[in-house]
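> quick one: sequence and predicted model below, then my questions.
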Amino acid sequence: TALEELQSLMRAKAAWFRVLEGDRMVVAQHIGVSPEFIRTVGQIGLDDTLQQVLQQGTPMVVKAASTEAPLNQQLKQEKLRHIVLVPILGKKSVIGTMAMGWSHGRSFSPEDIDFLSTTANQLGMAVENLRLLEQVLRSQRQWMNTFDSIQDLILAHDADFRVIKVNQALLQRLGQAPADVVGKLCEDILPHEQSKWS
């Protein structure tokens, strides 16, 4: 969505976002380029231009003809003559680049460059937050899988003894579904046959 808005606002023919993965730049999102472009240059090494953009942390306007092969051939096939490479900063370092391409020559005012830099920084924070959220969700899924794989009967409750979570072994023993148990008091769901307890 952000790329679509930027493409429209800047009247660009194409836009793509690359994430730095080791010593490679990998396209994470794109708009306005062909599947062939993504297949051929979806993953590229750090050439001199990319290294300069990443090290300096400032946008760079590049003529397609001055880029290295195979990128220059793909840009030519896409009919992109000028591209702007904008570093995307995370909280601590550069995490990738945003590129926008035009089929015609275009001049950029300092305000245009500032706008693209600011937008790229916001995009970088959003991408980092998304990555952190994915890590939290992955950790939570791993914890849930471990919790459910334990054969002992386990539940977690809050300070008022309301059930927060139960594992599959306990649910099977009770013959209940999670929705029937979570949020209820422990003494309401656990058996009382053998002794009275509260």
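Noted; the coordinates are in hand. Quick caveat: nothing in here was measured; it's all calculated off a predicted structure.
> which residue ranges form the helices in the chain?
For the chain, applying DSSP state H gives helices covering 2-10, 35-41, 48-56, 71-77, 110-149, 168-174, 178-181, 186-189.
> deepest-packed of those, please.
Using mean count of other Cβ atoms under 10 Å, the stretch among the helices of the chain with the greatest mean number of neighbours is helix 71-77 (a mean of 17). (C-beta placed from N, C-alpha, C; glycine too.)
> mean pLDDT for the helices of the chain: which is lowest?
Among the helices of the chain, helix 48-56 has the lowest mean pLDDT, at a mean of 83.
> how distant is that one from the center of its chain?
Distance of helix 48-56 from the chain centroid (Cα atoms, centre = their mean, to the nearest Å) equals 22 Å.
> report the separation between residue 37 and residue 128.
Separation of residue 37 from residue 128 (Cβ to Cβ, to the nearest Å): 26 Å.
> circling back to that earlier point, and residue 155, which of the helices of the chain is closest to it?
Residue 155 lies closest to helix 168-174 among these, at 5.9 Å (Cβ to Cβ).
> can you list contacts of the closest one?
148, 150-155, 166, 177-178, 181, 189-190 (Cβ atoms under 8 Å, 6 or more residues apart in numbering).
> before we move on, the earlier item: now the helices of the chain as TSV including distance to residue 21?
Formatted as TSV, the helices of the chain follow (distance: least, Cβ to Cβ, whole Å):
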stretch	distance to residue 21
helix 2-10	19
helix 35-41	15
helix 48-56	13
helix 71-77	17
helix 110-149	12
helix 168-174	36
helix 178-181	38
helix 186-189	47
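> for those helices, which one sits closest to residue 161?
That would be helix 186-189 among the helices of the chain, by Cβ to Cβ, at 4.7 Å.
> do you know which of the helices of the chain lies nearest residue 89?
Within the helices of the chain, the stretch nearest residue 89 is helix 110-149; the backing value is 4.9 Å (Cβ to Cβ).
> please compute how far that closest one lies from its chain's middle.
Between the centre of helix 110-149 and the centre of its chain there are 5 Å (Cα atoms, centre = their mean).
> that one versus helix 2-10: what angle between them?
170 degrees (axes from the mean of the first three to the mean of the last three Cα atoms, to 10 degrees).
> now do helix 110-149: which elements does it pack against?
helix 2-10, strand 82-89, strand 94-102 (3 or more Cβ pairs under 8 Å, 6 or more residues apart in numbering; DSSP states H and E).
> who touches the second one?
Same thing as strand 82-89. 17, 49-50, 53-54, 56-64, 67, 75, 94-102, 104-106, 108, 113, 116-117, 119-121, 123-124, 127.
> cheers, nothing more for now.
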